[in-house]
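**Student:** compute the structure for the input listed below.
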Amino acid sequence: MNSNFNTSLEILQSAREELLYNKLLQQIKKDFTLANVELKLFDGMEPTQLKDVLHEKIYFLLLEKFQQYLNLLYIIDIPEKELKKIRSLDAVDASSEVCFLILKREWQKVWFKNKYNT
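**Tutor:** Down below sits the predicted model:
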């Protein structure tokens with residue numbers, strides 16, 4: 001598994017190349033549902049659309065529903081040390097970085113499940 005991603009789109013492209021993009025969508029839906037956060041995703045969604053929808057939702061949660069935001073990060077299992085590395089004071093940039101961390105963690109879950117549940 002390549003874990004040296006620099007952007008959210010690189011993660012999504014890797015998921016597509018390994019034919020795990022739909023499973024990644026399902027994992028994201030599952031974790032957002034567990035966190036009781038509504039996220040409108042649909043099958044066949046393009047990677048850029050997914051990134052934009054996810055970024056917008058994180059931005060909204062960060063500014064308007066901070067407790068739900070924290071709960072979501074806990075459920076997805078984003079390491080606290082990764083969050084502490086975010087230095088941006090701008091909510092748009094910070095939410096973009098959190099979006100990347102979420103996609104990276106969700107991709108790890110999907111990749112490991114696929115590799116070891118065969």
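**Student:** only C-alpha atoms from now on, for both contacts and neighbour counts.
**Tutor:** Will do.
**Student:** verify the contact between A94 and K84 for me.
**Tutor:** No - between A94 and K84 there is no contact under C-alpha atoms under 8 Å: 11.0 Å.
**Student:** what helix or strand does the closest residue in space to I58 that isn't next to it in sequence sit in?
**Tutor:** Spatial nearest neighbour of I58, chain neighbours left out: S95 (5.7 Å); criterion: C-alpha to C-alpha, 6 or more residues apart in numbering. S95 belongs to helix 91-116 when assigned by DSSP states H and E.
**Student:** distance check, the residue nearest to I58 against K109.
**Tutor:** The span separating S95 from K109 equals 21 Å under the rule C-alpha to C-alpha, to the nearest Å.
**Student:** please enumerate the helices of this protein.
**Tutor:** 8-17, 21-34, 47-64, 66-76, 80-84, 91-116 (DSSP state H).
**Student:** Serialize those helices to CSV and add fields for mean neighbour count.
**Tutor:** Listed next are those as CSV, based on neighbours: other C-alpha atoms under 10 Å:
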stretch, mean neighbour count
helix 8-17, 18
helix 21-34, 18
helix 47-64, 17
helix 66-76, 16
helix 80-84, 10
helix 91-116, 18
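**Student:** same list, the ones you listed, but as JSON lines with mean pLDDT please.
**Tutor:** Shown next, in JSON lines, are the helices of the chain (pLDDT from 0 to 100):
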{"stretch": "helix 8-17", "mean pLDDT": "94"}
{"stretch": "helix 21-34", "mean pLDDT": "96"}
{"stretch": "helix 47-64", "mean pLDDT": "96"}
{"stretch": "helix 66-76", "mean pLDDT": "96"}
{"stretch": "helix 80-84", "mean pLDDT": "92"}
{"stretch": "helix 91-116", "mean pLDDT": "95"}
